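> coordinates for the following, if possible.
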Amino acid sequence: MFATAALAQNFPVTDDPGYNPKTDWVPSFAFPRTPPSASDAKPWAAIDPTKNPGDYANAVLNYFFEGQDTKTWRVQDNPVRK
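The predicted structure follows:
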């Protein structure tokens with residue numbers, strides 16, 4: 001047991017290159033109202049995660065990163081994966 005209660009706080013890493021407190025991450029709550037189209041590519045579906053876990057994880061990760069600007073990490077601005 002901790003002697004004092006831990007408080008949830010936002011600790012930005014201010015020494016990161018390009019840190020700007022005005023560009024905080026903002027989640028999107030614009031969830032789709034219908035399932036994705038059957039034609040939407042799901043590359044991980046063709047991979048057996050029990051036989052090729054690394055390939056499966058990489059396929060999911062590549063899907064996630066598609067369209068993402070990895071310099072800013074503003075996921076709310078991703079034009080491909082909303």
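> quick one: terminal-to-terminal distance for stretch 62-69?
Stretch 62-69 has an end-to-end distance of 13 Å (C-alpha to C-alpha, to the nearest Å).
> which residues are in contact with that stretch?
Contacts with stretch 62-69, where a contact means C-beta atoms under 8 Å, 6 or more residues apart in numbering, come from A41, K42, P43, W44, V75, D77, N78, P79, V80, R81. Heads up, the C-betas are built off the backbone N, CA and C, glycines and all.
> which of these count as buried?
Buried by 16 or more other C-beta atoms under 10 Å: W44, V75, N78, out of those.
> may I have the phi/psi pair for the closest residue to the first one other than its chain neighbours?
Once flanking residues are discounted, W44 sits nearest to A59: 4.0 Å by C-beta to C-beta, 6 or more residues apart in numbering. Geometry field for A59 lists phi and psi as phi -60, psi -40, criterion degrees, to the nearest 10.
> same thing with T34?
Here T34 shows phi and psi, under degrees, to the nearest 10, equal to phi -130, psi 160.
> please report how far it lies from W44.
Look at T34 and W44: by C-beta to C-beta, to the nearest Å, they are 21 Å apart.
> about what we covered before: which two among the contacts of stretch 62-69 are spaced furthest apart?
The span of these, defined through C-beta to C-beta, is set by W44 and D77 at 24.4 Å.
> now the contacts of stretch 62-69 as JSON lines including secondary structure?
As requested, those are exported to JSON lines (DSSP: H, G, I helix; E, B strand; the rest coil):
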{"residue": "A41", "secondary structure": "coil"}
{"residue": "K42", "secondary structure": "coil"}
{"residue": "P43", "secondary structure": "helix"}
{"residue": "W44", "secondary structure": "helix"}
{"residue": "V75", "secondary structure": "helix"}
{"residue": "D77", "secondary structure": "helix"}
{"residue": "N78", "secondary structure": "coil"}
{"residue": "P79", "secondary structure": "coil"}
{"residue": "V80", "secondary structure": "coil"}
{"residue": "R81", "secondary structure": "coil"}
